[in-house]
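J.: Below: sequence and its predicted model.
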Amino acid sequence: MLQALGLRRLQCSTRHYSTVLPDGALAARTASTPLAVRLRRRKKLGELGASGTDASETGLTPTEVSRYNRLRALGEIPTVNGEPMSAEQWIQYVNERRSRIRGFKEVEKEDGSKLVKAVGQRVYLPNVIFKLVRNHTPTGEPYNPYEATFRIPKSITKTDIRSYLATVYGVQTTYIRTDNYYAPTPLPGRDTKKHKSYKRAVVGLVDPFYYPHRLEDMPAEKKAEREKWIQTEFAIDTIDKARREEMLRQTIGHGSAAFRFNPENATRRSHILRKVAERKAQREELIGKIAQEIREKREAGEPVSYEALATKSSVPAKDSSSSS
């Protein structure tokens, strides 16, 4: 079959893992699809859930399903025993073709035996850095181990990523999404912090991989031990406390520019309400005293003179802070 198509299958370039992706990998593949593709599929297929997938029952994406149906209608699907390949067989064949190790060919020797010879250009270990970072996980959703996120130089291509991970670390990938992050252009005349531009690569993994030392996945004892080690080695709380103290010191100022808090002139809502409650209590207390004096004078048969009561009573002075 492959010879009829003009293709060669080498033992060293055969894919030795299953192409059937688990549910987590399917959800990760759907979530990492480009935005324009997701919007187009949403109009056609409807809204998906938080951890939903647009894969078919056979694990193919809508694009792969359309391609398979189109090639089958044109009669361009390879055949097995005279019958066209099923969707599962076809996608496995396509993935084997994509993931083959390039740069080899079969050379026939004089005795008729065949030898696999490397014809690719000799490539040394690259002097680039692949920075592994955590996946973007929305709030309330679990961490997906079937994806890995890297920050790489802008000159690295998807083929370079696949070859690098497979050759150096033996990591097999199913898909690769890349996007460029450009540093903001500083305005002239301003000394701002410079940020480097980089490329982000989201890689689909065949085998699940959990980011090391995730506090969210640790038991209580391991989590406390890990947090203690972080504080001991990096002193995050100490640095944060010193930063807050320095910000407070700069805010307060020095000398005549120092900030002075006068609680009598504070205009916060809580302070105003407290002053209103205090004045109300004083007024009610004064009214109670005057009423008690009036009752005592009437019981004794003495005349009640409101002018005399007014002179004995002291009305609380109006607070200047609450007048405003």
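T.: Nice, thanks for sending it over. Not measured: the values here are computed from a predicted model. Numbers count the residues shown, from 1 in each chain.
J.: longest helix of the chain?
T.: helix 269-300 (DSSP state H).
J.: Show me what that helix is packed up against.
T.: helix 306-312, helix 320-323 (3 or more Cβ pairs under 8 Å, 6 or more residues apart in numbering; DSSP states H and E). Quick note: C-beta positions are derived from backbone N, CA and C, even for glycine.
J.: which residue packs closest to Thr63, ignoring adjacent ones?
T.: Of all residues not flanking Thr63 in the chain, Val37 sits nearest, at 7.8 Å (Cβ to Cβ, 6 or more residues apart in numbering).
J.: And the one you found, its phi and psi?
T.: Backbone torsions of Val37, given as degrees, to the nearest 10, read phi -70, psi -40.
J.: I'd like to know how many residues surround Ile272.
T.: Neighbour count for Ile272, taken as other Cβ atoms under 10 Å: 15.
J.: would you list every one of the helices in this protein?
T.: Under DSSP H, the chain gives helices at 23-31, 35-45, 62-74, 87-98, 158-164, 220-234, 236-252, 269-300, 306-312, 320-323.
J.: so which of these gets nearest Arg200?
T.: Closest of the helices of the chain to Arg200 is helix 158-164, at 11.2 Å (criterion: Cβ to Cβ).
J.: list the buried ones in that closest one?
T.: Asp160, Ile161, Arg162, Ser163, Tyr164 (16 or more other Cβ atoms under 10 Å).
J.: List the residues that contact the residue nearest to the third one when sequence neighbours are not counted.
T.: Read it as Arg162. Setting aside the residues directly before and after it, Arg162 is nearest to Thr173 in space (Cβ to Cβ, 6+ apart), at 5.4 Å. Contact analysis of Thr173 by Cβ atoms under 8 Å, 6 or more residues apart in numbering lists Ile161, Arg162, Leu165, Ala166, Val203, Gly204, Leu205, Val206.
J.: Surely Ala28 touches Ala148?
T.: No: here Ala28 does not reach Ala148: they are 9.8 Å apart, not a contact under Cβ atoms under 8 Å.
J.: quick one, which of those two is more surrounded?
T.: Higher neighbour count among Ala28 and Ala148: Ala28, with 25 against 22, using other Cβ under 10 Å.
J.: Okay, the more buried one and Ala291: tell me how far apart.
T.: From Ala28 over to Ala291 the distance is 78 Å, taken as Cβ to Cβ, to the nearest Å.
J.: Which of the buried residues of helix 158-164 sits closest to Arg274?
T.: Ile161 (63.5 Å).
J.: Okay, and the beta partners of the closest residue to Glu106 other than its chain neighbours?
T.: What sits nearest to Glu106 in space, not counting adjacent residues and going by Cβ to Cβ, 6+ apart, is Lys114, at 4.8 Å. Legend: beta-bridge partners of Lys114 under DSSP bridges are Glu108.
J.: Quick one: residues contacting Lys114.
T.: By Cβ under 8 Å, 6+ apart, the contact set of Lys114 is Glu106, Val107, Glu108.
J.: and it, how far is that from Ser66?
T.: Distance from Lys114 to Ser66, by Cβ to Cβ: 39 Å.
J.: circling back to that earlier point, mutual contacts of Ala28 and Ala148, please.
T.: Listed as contacting both Ala28 and Ala148 by Cβ under 8 Å, 6+ apart is no residue at all.
J.: per-residue confidence for Gly204?
T.: Reported pLDDT at Gly204 in the predicted model: 89.
J.: Tell me how far it lies from Gln250.
T.: The gap separating Gly204 from Gln250 is 48 Å, by Cβ to Cβ.
J.: between these two, who's got more neighbours?
T.: Higher neighbour count among Gly204 and Gln250: Gly204, with 20 against 9, using other Cβ under 10 Å.
J.: got the contact list for that one?
T.: Ala25, Ala28, Arg29, Ser32, Tyr146, Glu147, Thr173, Thr174, Tyr175, Ile176.
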